[in-house]
Each structure stands twice: as structure tokens, then as C-alpha cells.
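S.K.: sharing a model that was predicted from the sequence below.
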Amino acid sequence: MANFKWVRNPTLANGKTTWYVSHRGLDSGDGGDGKEQNPFKTRPQASAVATAGDNIMCDDGIWEDNRTTNSRAFNWWGNGKTVFDGRTVAWTIYGADTYNFISELYVSGYGNIPPLPTYSYCGKVTSITTGGQYANFIHCTVDKFKPQANALCPMKWRNSIFLNIPTASSMYSDIFTGVRNCIFHGAAPTILASATNIDYNNYTTNAIPTTNGNNATASTMSQQVKQLQTISITMI
């Protein structure tokens with residue numbers, strides 16, 4: 001039997017059952033049971049047997065299969081060098097999905113039905129669709145994501161880098177529960193003066209209005225506008 005090494009234990013993080021998947025594993029018909037040392041081979045197998053809210057830990061490698069489309073949201077985890085590539089086979093996203101420590105993701109957008117998917121500590125999340133999208137990002141690098149205005153789906157962006165956001169995008173106060181400590185590089189979105197839920201402690205190539213919102217009464221440096229005309233990003 002192969003020796004499987006996992007860099008983290010999701011169950012310790014949230015108390016939920018964890019199912020393991022590896023390209024070296026076996027699906028249930030071939031003897032796999034989804035346990036740590038006997039993982040499934042495919043994401044469809046793991047998502048077929050897991051209960052909504054469970055963890056699914058994916059081993060290193062490029063994953064191009066789609067999940068079992070059963071409307072169950074899961075906590076998806078990467079093992080260090082895990083890539084979710086939805087460019088060849090479309091990857092289905094459900095609201096309340098979370099994606100944790102995935103090295104790279106190529107995903108289509110998610111619609112305006114809360115709860116929204118959340119990406120946490122992902123190396124790079126690249127949108128492969130041009131339409132408006134909804135998602136939460138925490139400690140991620142995000143490319144080509146276009147936020148869509150909808151008061152029913154407030155989004156949370158924290159400590160993330162956003163690249164190539166379409167210039168038509170606008171940040172309204174009603175679509176964000178807060179934008180904190182982010183970098184917007186290249187074609188940054190328009191940040192409207194009414195965007196009261198946006199913390200202006202962000203770096204951007206765009207001018208940020210100072211007439212309304214948090215910035216109108218800023219009294220400390222951490223609250224004030226920080227404009228950066230040239231940002232050189234070497235990471236990714």
C-alpha cells in the first residue's frame with residue numbers, strides 16, 4: 001500500500017469528518033474507503049459519499065474531474081501543491097463551499113444565491129468567466145474576478161491581492177461586508193464614495209473618494225487612504 005503524507009488535518013480545524021482523495025488512491029469499487037491511508041482516487045467518489053459540510057482533502061496534483069453534482073457544499077482542502085483546474089471540465093461550485101490552501105484554482109463564477117463560496121489561503125484563484133461573480137476571499141491572490149452588485153450577497157475580502165479586475169466593476173457598500181488590507185493592481189475597480197463598508201487601508205492604483213465612508217472621519221493613519229501609483233508584484 002502507498003504511503004500517504006498529509007500536511008494538515010482538517011478535522012482538527014473544524015471538527016468535521018474528513019475524506020481523503022489522491023491520484024494514487026482507489027475508489028470504493030476497487031477497495032478505497034476515503035480514509036487517511038486508503039484514500040479515494042477521484043473527487044466524484046468523495047463528494048458522492050461525503051455529508052454536506054464534511055472536509056474533502058485533495059492530494060498534490062492537477063485535478064480536472066468534476067464533483068458529483070448533488071447540491072452538497074463541502075470544505076475542500078489542498079495538500080501543498082494541489083491544483084483545481086476547471087478549464088477542460090467545468091467545476092461545479094455550490095454556495096457555502098470553502099476552498100482552503102489550494103495552490104491554484106481555475107473556476108467559473110458563482111451566482112447571487114447566498115451563502116457564498118469562500119476561498120481561504122489559496123495561492124491563486126483565476127476566474128475563467130466574464131460575467132459578474134460573488135465570492136469571499138481571505139488571504140488569496142485573485143485574477144480576473146468581476147464583482148457584481150447585489151445587496152442580498154454581501155462579500156468579504158480580506159488581506160488579498162486582486163489582479164486585472166475589469167474596469168466596469170464597482171464596489172458598492174451593499175455588496176461588501178468589508179474590504180480590508182487588500183491590494184488592487186492593474187485595472188482596479190471603481191470604488192464609489194458611498195462604499196461605507198470598505199476600509200480604505202488598501203493599496204490601489206485608483207483614486208479613492210474621501211467625501212464619505214470610513215475615510216470622511218479618518219483620524220489615524222491606519223484608516224486613511226493609501227494610494228499607490230505603481231505597484232510591482234513579483235509573487236505568484
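M.R.: Yep, it's here.

S.K.: end-to-end on stretch 78-87?
M.R.: From its first residue to its last, stretch 78-87 covers 18 Å (C-alpha to C-alpha, to the nearest Å).

S.K.: for the record, mean pLDDT for that stretch?
M.R.: Average pLDDT, stretch 78-87: 96.

S.K.: shouldn't Pro44 be within a strand?
M.R.: No - the assignment for Pro44 by DSSP: H, G, I helix; E, B strand; the rest coil gives helix, which leaves it out of any strand.

S.K.: that one: what's its closest spatial neighbour, skipping adjacent residues?
M.R.: Thr68 (4.8 Å; C-beta to C-beta, 6 or more residues apart in numbering). Bear in mind the C-beta positions are built from the backbone N, C-alpha and C, glycine included.

S.K.: residues contacting that neighbour?
M.R.: Residues in contact with Thr68 (C-beta atoms under 8 Å, 6 or more residues apart in numbering) are Pro44, Gln45, Ser47, Ala48.

S.K.: and the first one, how far from Tyr119?
M.R.: The span separating Pro44 from Tyr119 equals 21 Å under the rule C-beta to C-beta, to the nearest Å.

S.K.: tell me which of the two has more neighbours.
M.R.: Just comparing Pro44 and Tyr119: by other C-beta atoms under 10 Å the higher neighbour count belongs to Tyr119, 25 against 16.

S.K.: rewinding a little: what about the residue nearest to Pro44, which SS state?
M.R.: Strictly by three-state DSSP, Thr68 counts as coil.

S.K.: tell me the pLDDT at Pro114?
M.R.: Note for Pro114: predicted pLDDT of 77.

S.K.: please identify the helix or strand for it.
M.R.: In the assignment (DSSP states H and E), Pro114 maps to no helix and no strand.

S.K.: for Ala2, see how far away it is.
M.R.: Distance of Pro114 to Ala2, computed by C-beta to C-beta: 40 Å.

S.K.: so Ala96 makes contact with Tyr110?
M.R.: No - Ala96 lies out of contact with Tyr110 (C-beta atoms under 8 Å); the separation is 10.5 Å.

S.K.: who has more neighbours, these two?
M.R.: A count of neighbours by other C-beta under 10 Å puts Tyr110 above the other of Ala96 and Tyr110, at 18 against 15.

S.K.: how about Asn14: what's its closest non-neighbour residue?
M.R.: For Asn14, ignoring the flanking residues on the chain, the nearest one in space by C-beta to C-beta, 6+ apart is Asn75 at 6.6 Å.

S.K.: count of residues packed around that neighbour?
M.R.: Here the number of neighbours of Asn75 (other C-beta under 10 Å) works out to 22.

S.K.: residue contacts, it?
M.R.: Counting by C-beta under 8 Å, 6+ apart, Asn75 touches Pro10, Asn14, Lys16, Gly53, Asp54, Asn55, Ile56, Asp97, Thr98, Asn100.
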